[in-house]
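S.K.: Here is my input; please provide its structure:
(one chain, ligands or ions: 1)
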Amino acid sequence: MSKQSKEQHQRHMRILQRELKKPENAICADCPSRSPRWASINLGVFICITCSGIHRGLGVHISKVRSTNLDTWFPEQVEFMTKMGNKKANDYWEAELPEGFKKPSESDRMGLESYIKAKYTRSKYASKSDVAPTYD
Ligand code: ZN
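M.R.: Below is the predicted model:
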């Protein structure tokens with residue numbers, strides 16, 4: 001990664017913290033956990049630490065995980081997060097989620113893992129009419 005000025009890094013962290021304060025990003029994109037601190041930079045979602053571990057297991061061709069307060073980000077990655085976010089991403093990835101479906105909780109690691117795999121690897125609940133909103 002190219003060397004980034006301290007100012008630029010701090011600006012990125014501020015932008016990400018601001019995004020995390022939005023109601024739509026206050027809950028993990030994949031489970032009911034509050035205050036996510038991780039992100040998938042190509043899917044554009046904010047996720048909790050448990051889900052971030054599961055995302056890592058999907059492989060980087062599916063999800064690239066970064067910390068919103070520890071890692072260094074490229075400007076384009078930060079920009080993509082501000083354009084996407086949990087609401088917009090889930091409008092696509094959870095478009096076909098059955099009515100009344102309850103997402104597994106952070107304590108149900110097995111259930112969460114199979115849900116996340118179905119959601120992103122098999123696009124099980126994704127919109128059939130739209131193109132996946134991802135960033136390479
Ligand atoms: Zn989660």
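
S.K.: Return the residues in contact with the residue lying closest to Pro32 once chain neighbours are set aside.
M.R.: In space, and not counting its chain neighbours, Pro32 is closest to Ser105: 5.7 Å by Cβ to Cβ, 6 or more residues apart in numbering. Any C-beta I mention is one placed from the backbone N, CA and C, and that applies to glycine too. Residues in contact with Ser105 (Cβ atoms under 8 Å, 6 or more residues apart in numbering) are 31-33, 112.

S.K.: Contact residues of the protein facing the ion?
M.R.: Residues of the chain lying near the ion by Cβ under 5 Å from the ion: 28, 30-31, 33, 48, 51.

S.K.: what pLDDT does Asn25 get?
M.R.: For Asn25, the pLDDT comes out at 98.

S.K.: Could you double-check that it lies in contact with Gly85?
M.R.: Yes. Counting by Cβ atoms under 8 Å, Asn25 touches Gly85, with 5.4 Å between them.

S.K.: Show me the common contact partners of the two, please.
M.R.: Contacts common to Asn25 and Gly85, judged by Cβ under 8 Å, 6+ apart, are 19, 46.

S.K.: where does this protein dip in pLDDT?
M.R.: Low-confidence segments of the chain (pLDDT under 70): 1-2.

S.K.: And the lengthiest helix in it, what does it pack against?
M.R.: When every helix of the chain is counted residue by residue (DSSP state H), the longest turns out to be helix 6-21. Judged by 3 or more Cβ pairs under 8 Å, 6 or more residues apart in numbering; DSSP states H and E, helix 6-21 is in contact with helix 75-83.
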